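Novice: A predicted structure for the sequence below; I have some questions about it.
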Amino acid sequence: MLLRRCHLIAVPFSTPSPPLPRRSPPWLRRPFPLLPSRLSQSPHTTISTLSFTSGSCQASSDGELTENFPSKQGPLKPGLYLVGTPIGNLEDITLRALRVLKSADVILSEDTRHSGKLLQHYNIKTPLLSYHKFNESQREQAVLNRLQDGEIVALISDAGMPGISDPGSDLAKVCVEKDIPVIPVPGPSALVAALSASGLSTNEFTFVGFLPKHAATRRERLVVSANNATTQVFFVPPHKLCQFLEEASSIFGQSRRCVVAREITKLYEEFWRGTIVEAIEAFSVRQPKGEITLLIEGATIVEDEILSDSQLENELGELISKGHSLSMAVKLVASGTSMKRKAIYSVALEKFGKLAQQHDSDDKF
């Protein structure tokens, strides 16, 4: 707590004061009152200015905390700071994130109106500059110039960590190539929050994020996920949830367990758990709102499973008939068995080589 870091708090009383009511920690309230207002307003109470063991954080005479957030690390060095911000609950921001956002020369924001509410809540006056997928290529050089001039640039997204299914990854990559420091400031993440409370395996997982818009490419990615033994994590827009579940049902199977996490950390947070077919039934009668993180349990892989030639032929034929190329069909079948890909490819060439050549020939015209 902040009060533990003070050298001294002098609070002389001329008359006994009643017990203070239990309140939430002072740094979780805005503006940051250091002590209960009832105490500071008492005509019989005087409060000395507080000095901290590190940083320059002080309390004014009216009990409000100044905005020089304490730190043992000294001034920030120039560079690009990737700052995690709340995914719904403003109390989830870290003290380090507040310090970086206040100390930065500029804050790159996916949506300045949305981020402006966060900065206003914490009384941060740093200038905002829009930086999103539609203008990042135009803004990139100007941002690099500022970084090379020694400025501190903070990058935030609408929610969570920037660069994860959000703008910023390309800028971080360019900065690394140009030896410009890239400093992560960890914060809330819908991915980690949903996974930790899902009840599914967390030893290994695959973060897929948003699926491609093209139907064939989307289905191809789902097939890869369905054959993977790790927990699969997707970001799904609420208006596409039913479509996602229907497609997943035909690929993962109806009995595969899933978790639909929505509005994480917000007032109407929900974790729905069940099978994919049960999810279809549940969400076909109600339209969910808010951002959705959807998790599906990994496939059960039977060790040393060897498929017969007829089984291989059936699985390969089914995939090729659905429009997959010969090499992709081999890859998908191999991901679900311990057989070597070379052996599967040999069967595929023997059974479907001429058909694949015919498809390739047709594609040229």
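Specialist: Yep, it's here.
Novice: centre of the chain to the helix or strand where Gln311 lies, how far?
Specialist: Counting by DSSP states H and E, the element that carries Gln311 is helix 309-321. Taking CA atoms, centre = their mean, to the nearest Å, one finds the center of helix 309-321 at 38 Å from the center of the full chain.
Novice: count the neighbours of Gly298 for me.
Specialist: 21 (other CB atoms under 10 Å). In short, each C-beta sits where N, CA and C put it, glycine included.
Novice: in the helix holding Gln311, what's buried?
Specialist: Residues 312-313, 315-316, 319-320 are the ones in helix 309-321 that count as buried (16 or more other CB atoms under 10 Å).
Novice: over to stretch 84-94?
Specialist: Buried residues in stretch 84-94 (16+ other CB under 10 Å): 84-88, 92-94.
Novice: just stretch 113-127 next, same as before
Specialist: 115, 118-119, 122, 124.
Novice: please state the offset of stretch 309-322 from the chain centre?
Specialist: That offset, for stretch 309-322, works out to 37 Å (CA atoms, centre = their mean).
Novice: kindly apply the preceding question to stretch 156-174 instead.
Specialist: Chain-centre distance of stretch 156-174: 10 Å, with CA atoms, centre = their mean.
Novice: just the ones of the buried residues of stretch 84-94 in helices?
Specialist: Of the buried residues of stretch 84-94, none are assigned to helices by DSSP state H.
Novice: want to try a markdown table for these, with pLDDT as columns?
Specialist: Below are the buried residues of stretch 84-94 laid out as a markdown table (pLDDT from 0 to 100):
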| residue | pLDDT |
| --- | --- |
| Gly84 | 95 |
| Thr85 | 95 |
| Pro86 | 96 |
| Ile87 | 94 |
| Gly88 | 91 |
| Asp92 | 95 |
| Ile93 | 95 |
| Thr94 | 96 |
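Novice: which one of those residues is nearest Gly290?
Specialist: Taking CB to CB as the measure, Gly290 sits nearest to Gly88 out of the buried residues of stretch 84-94, at 8.4 Å.
Novice: mind listing what the closest one touches?
Specialist: By CB atoms under 8 Å, 6 or more residues apart in numbering, the contact list for Gly88 reads 159, 263-266, 269.
Novice: before we move on, what about Phe134?
Specialist: Phe134 touches nothing, counting by CB under 8 Å, 6+ apart.
Novice: that one and Lys77, how far apart?
Specialist: 31 Å (CB to CB, to the nearest Å).
Novice: what's the answer for Val153, then?
Specialist: 12 Å.
Novice: neighbour-wise, which of the two wins?
Specialist: Val153 (22 against 11).
Novice: may I have the helix or strand that contains that one as PDB, with CA atoms only?
Specialist: Counting by DSSP H and E, the element that carries Val153 is strand 152-156. The C-alpha trace of strand 152-156 is given here as PDB (Å, rounded to 0.1, in the frame of the first residue of the first chain):
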ATOM      1  CA  ILE A 152       9.000   8.500 -25.300                       C
ATOM      2  CA  VAL A 153       6.100   7.100 -27.400                       C
ATOM      3  CA  ALA A 154       3.400   5.100 -25.700                       C
ATOM      4  CA  LEU A 155       1.100   2.800 -27.800                       C
ATOM      5  CA  ILE A 156      -2.300   1.700 -26.600                       C
END
